[in-house]
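S.K.: Next come a sequence and a model predicted from it.
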Amino acid sequence: MMKLGGKFVVQILSKEQQVSVGDGVQVDVSLQNEGVLINDHQGDVLYQSNSSDRAWMAGDGMLFISLERDSISVLVLRSIDPEAEAALGEVLLQLQGKFDRRTEEASADLYFHYYSLLPHQQNMLQDMIRTGTYYASIMGNAVDFRDKVVMDVGAGSGILSLFAAQAGARKVYAVEASNMAASANILKNANPALGARIEVIQSKIEDLNLEANSVDVLISEPMGTLLVNERMLETYLHARDRFLKPGGRMFPQTGRIHVAAFTDDLLYTEMVNKATFWQQNSFFGVDLSSLFQPALDGYFSQARPPDGHQVVVDAIDPRCLISAPMSHAVDFGSALENDLHDIVIPLHFPMAVPGNVHGVACWFDVLFDGSSSQRWLSTAPGVPTTHWFQLRCVLSQPLTVYPGAELHGELRLIAHKRQSYDIHLRLSVPSLAPGRVGSDAWPCLRQVTGKFDLKEPYYRQLTMPYWGNQAAGSSVPSESPAL
Ligand SMILES: C[S@@+](CC[C@H](N)C(=O)[O-])C[C@H]1O[C@@H](n2cnc3c(N)ncnc32)[C@H](O)[C@@H]1O
């Protein structure tokens with residue numbers, strides 16, 4: 001926590017009351033994490049926020065708007081001496097660096113380096129389901145773009161900006177943090193009829209100095225594996241809060257995560273078999289078997305136990321799914337950045353068939369909700385495969401289920417500073433106590449848990465089978481930090 005020197009007066013307005021609860025009070029101001037703590041001189045807390053979603057310097061003061069889960073508060077802070085004024089300037093700089101505060105430097109360096117390389121942009125462009133759906137959604141809703149000011153959040157090569165210009169946008173801000181911005185500029189200049197209306201800005205969205213509420217439409221492709229990997233959705237919401245006019249449109253508008261129980265003996269056996277090497281009791285005369293169990297644990301935990309098991313990414317056969325999916329929706333128009341820090345998806349799977357549940361399969365879709373047409377971009381099993389494939393959390397112990405059994409649990413995603421999430425999976429199912437059969441049997445609960453690291457998936461499959469043209473053969477590199 002950093003205490004700011006100098007004298008301030010404060011005015012705090014809460015949404016509920018629309019009244020000043022601390023007008024003109026002289027206070028102590030401290031910064032904590034992303035928020036602000038204000039005490040009166042007796043030490044009593046006058047105001048506390050965990051985040052400052054917007055902050056402006058105005059005259060000798062500063063305005064914070066804090067959007068918490070259940071409330072919106074506005075804090076007007078005025079400096080009444082030069083020391084305080086200088087301190088406020090520093091605060092503003094810190095608040096602008098919101099991306100940097102939630103991201104480890106090494107992670108950000110790797111991430112933006114990855115996106116600065118054309119082959120990785122090409123990999124996304126060649127995903128024809130992805131790029132084609134964006135094109136159709138933008139062109140099919142040209143009425144939402146015509147003569148409008150558009151911001152492309154994380155523009156990459158600038159492809160979506162060019163689509164927006166094709167749809168008639170008057171002005172497009174193509175904001176890209178990585179050095180790919182230079183290539184976007186080349187592309188824009190090489191397409192002058194469209195490019196004349198595009199301004200490429202190399203900046204993190206969070207550090208961008210552009211007039212507040214100046215944009216009619218936001219376009220972005222912020223989706224990572226399981227929708228939220230990369231934590232770029234937070235950047236998308238940040239752009240909405242700062243730059244989108246009230247009532248402005250977002251393409252896409254909504255995202256959903258879907259989770260279903262799956263069975264896959266082959267995958268499970270494949271993972272176990274990797275460790276069987278250590279079962280040998282005479283490897284050049286040496287008994288290795290004492291390391292079998294640690295090796296097995298390692299394979300299920302990607303040899304990095306503190307970070308959790310490895311998630312498996314590939315295109316799955318929909319017949320592996322043995323339950324209907326549970327879904328979690330995120331409305332990009334109203335969700336708060338904080339909502340994405342800890343996502344809990346309750347799971348309840350009534351089982352219709354007997355089998356071994358080896359874990360959960362996850363995928364996502366997003367909705368383009370334009371004035372003329374609605375279109376989903378789906379990454380579900382069984383529909384043409386995208387470069388996101390599907391994701392599976394494989395449990396080290398399968399759960400045996402029988403028809404009529406109810407599988408309960410939760411999937412919890414906790415954001416971390418390496419631009420990804422720890423995934424905590426808990427599943428339990430009533431089962432019969434061992435050794436008891438018939439009328440003597442009594443139910444007990446079997447529970448399995450697993451922790452997975454979304455950051456480092458195991459790409460079991462590298463090519464997209466359904467799109468045999470451009471996409472086939474373009475691999476998702478295993479060193480990918482992002483996809
Ligand atoms: C998934 S790519 C999409 C690129 C392009 N819009 C497309 O659809 O092909 C995301 C892009 O956003 C950029 N990006 C990620 N976070 C950003 C941030 N905070 N500010 C600006 N750009 C960001 C990345 O460098 C990357 O080029």
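M.R.: Cool, got the structure. Numbers count the residues shown, from 1 in each chain.
S.K.: and the residue of the stretch 101-250 of the chain found nearest the ligand, backbone torsions?
M.R.: Here the stretch 101-250 of the chain gets closest to the ligand at one residue, Gly154, 2.2 Å apart by C-beta to the nearest ligand atom. All C-beta atoms are positioned from the backbone trio N, CA, C, and that covers glycine. Gly154 adopts backbone torsions of phi 80, psi 70, taken as degrees, to the nearest 10.
S.K.: And for Phe364?
M.R.: Phi and psi for Phe364, reported as degrees, to the nearest 10, are phi -140, psi 170.
S.K.: Could you identify the longest strand within the protein?
M.R.: strand 443-459 (DSSP state E).
S.K.: So what's the model's average confidence on it?
M.R.: Averaging pLDDT along strand 443-459 yields 83.
S.K.: Give me the below-cutoff pLDDT ranges for the protein.
M.R.: The chain contains residues with pLDDT under 70 at 1-27, 31-36, 49-81, 84-85, 87-96, 301-308, 431-444, 464-483.
S.K.: All the helices of it, in order from the start?
M.R.: Under the criterion DSSP state H, the chain contains helices at 82-96, 98-102, 105-115, 118-125, 128-139, 159-166, 180-190, 192-195, 232-243, 265-276, 292-300.
S.K.: Single out the most deeply packed of these.
M.R.: Most buried of the helices of the chain, by mean neighbour count (mean count of other C-beta atoms under 10 Å): helix 159-166, with a mean of 24.
S.K.: and it, is it in reach of the ligand?
M.R.: Yes: judged by C-beta under 6 Å from any ligand atom, helix 159-166 comes into contact with the ligand at 159-160.
S.K.: how many other residues sit next to His424?
M.R.: 18 (other C-beta atoms under 10 Å).
S.K.: residues contacting it?
M.R.: 410-414, 449-452 (C-beta atoms under 8 Å, 6 or more residues apart in numbering).
S.K.: list the buried ones in the longest strand of the chain?
M.R.: By neighbour count on 16 or more other C-beta atoms under 10 Å, the buried set for strand 443-459 is 448, 450-459.
S.K.: Report the inter-axis angle for that strand versus helix 265-276.
M.R.: Strand 443-459 and helix 265-276 are oriented at 80 degrees to each other (axes from the mean of the first three to the mean of the last three C-alpha atoms, to 10 degrees).
S.K.: which helices and strands sit right next to strand 443-459?
M.R.: strand 309-314, strand 390-401, strand 406-416, strand 420-432 (3 or more C-beta pairs under 8 Å, 6 or more residues apart in numbering; DSSP states H and E).
S.K.: next one: it to chain centre, how far?
M.R.: Its chain's C-alpha centre and that of strand 443-459 lie 19 Å apart, by C-alpha atoms, centre = their mean, to the nearest Å.
S.K.: Measure how it sits relative to strand 420-432, angle-wise.
M.R.: Using the same axes, to 10 degrees: strand 443-459 against strand 420-432 is 150 degrees.
S.K.: interface residues of this structure facing the ligand?
M.R.: So the chain meets the ligand at 99, 112, 115, 124-125, 154-157, 159-160, 175-178, 180, 204-206, 221, 232, 235 (C-beta under 6 Å from any ligand atom).
S.K.: can we see that at 5 Å?
M.R.: Neighbours of the ligand within the chain, by C-beta under 5 Å from any ligand atom: 99, 115, 124, 154, 156, 159-160, 177-178, 204-205, 221, 232, 235.
S.K.: Could you chop this protein up by domain?
M.R.: As given by the TED database, the domain ranges for the chain are 25-95, 112-221, 256-433+442-459.
S.K.: Ranking the ones you listed by mean neighbour count, which comes first?
M.R.: When those are scored by mean count of other C-beta under 10 Å, the highest mean neighbour count falls to domain 112-221 (a mean of 20).
S.K.: Next, report how far it is displaced from the centre of its chain.
M.R.: How far domain 112-221 lies from its chain's middle: 20 Å, per C-alpha atoms, centre = their mean.
S.K.: Now do the end-to-end distance for that domain.
M.R.: 15 Å (C-alpha to C-alpha, to the nearest Å).
S.K.: likewise stretch 160-180?
M.R.: The first and final residues of stretch 160-180 sit 14 Å from each other (C-alpha to C-alpha).
S.K.: ok, now stretch 115-131?
M.R.: Its first and final residues considered, stretch 115-131 spans 17 Å by C-alpha to C-alpha.
S.K.: which residues touch the closest residue to Leu194 other than its chain neighbours?
M.R.: Excluding the flanking residues, the one nearest Leu194 by C-beta to C-beta, 6 or more residues apart in numbering is Ala165, at 3.8 Å. Ala165 sits next to 172, 194-195, 197-198 when contact means C-beta under 8 Å, 6+ apart.
S.K.: and if we set it to 10 Å?
M.R.: By C-beta atoms under 10 Å, 6 or more residues apart in numbering, the residues touching Ala165 are 138, 145, 150, 158, 171-172, 174, 188, 191, 193-198.
S.K.: Of the residues you listed, which pair is most distant in space?
M.R.: In terms of C-beta to C-beta, the contacts of Ala165 reach their longest pairwise distance at Ile138 and Ala196, which sit 18.3 Å apart.
S.K.: Phi and psi next, for whichever residue of the stretch 301-450 of the chain sits closest to the ligand.
M.R.: Residue nearest to the ligand within the stretch 301-450 of the chain: Gln419 (8.6 Å; C-beta to the nearest ligand atom). Dihedral angles of Gln419 (phi, psi; degrees, to the nearest 10) stand at phi 60, psi 30.
S.K.: Am I right that it is in contact with Asn229?
M.R.: Yes: with contact defined as C-beta atoms under 10 Å, Gln419 reaches Asn229; the gap is 7.8 Å.
S.K.: May I see the helices and strands packed on strand 443-459 arranged in TSV, with distance to Met351 as well?
M.R.: Below are the helices and strands packed on strand 443-459 laid out as TSV (distance: least, C-beta to C-beta, whole Å):
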stretch	distance to Met351
strand 309-314	22
strand 390-401	5
strand 406-416	6
strand 420-432	8
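S.K.: could I get stretch 348-367 in PDB with only the CA atoms?
M.R.: What follows is stretch 348-367, C-alpha atoms only, in PDB (Å, rounded to 0.1, in the frame of the first residue of the first chain):
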ATOM      1  CA  HIS A 348     -24.700 -30.800 -12.700                       C
ATOM      2  CA  PHE A 349     -24.800 -33.700 -15.100                       C
ATOM      3  CA  PRO A 350     -27.700 -36.200 -14.900                       C
ATOM      4  CA  MET A 351     -26.100 -39.300 -16.500                       C
ATOM      5  CA  ALA A 352     -28.100 -41.200 -19.100                       C
ATOM      6  CA  VAL A 353     -25.500 -43.900 -19.900                       C
ATOM      7  CA  PRO A 354     -23.100 -46.000 -17.900                       C
ATOM      8  CA  GLY A 355     -19.400 -45.400 -18.300                       C
ATOM      9  CA  ASN A 356     -16.200 -43.900 -17.000                       C
ATOM     10  CA  VAL A 357     -16.100 -40.100 -16.800                       C
ATOM     11  CA  HIS A 358     -12.500 -39.200 -17.500                       C
ATOM     12  CA  GLY A 359     -13.100 -35.500 -17.000                       C
ATOM     13  CA  VAL A 360     -14.800 -32.500 -18.600                       C
ATOM     14  CA  ALA A 361     -14.600 -31.200 -22.100                       C
ATOM     15  CA  CYS A 362     -14.900 -27.500 -22.700                       C
ATOM     16  CA  TRP A 363     -15.500 -25.200 -25.600                       C
ATOM     17  CA  PHE A 364     -16.900 -21.700 -26.200                       C
ATOM     18  CA  ASP A 365     -18.900 -19.700 -28.700                       C
ATOM     19  CA  VAL A 366     -19.500 -16.000 -29.200                       C
ATOM     20  CA  LEU A 367     -22.400 -14.100 -30.600                       C
END
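S.K.: Fine, thanks again, bye for now.
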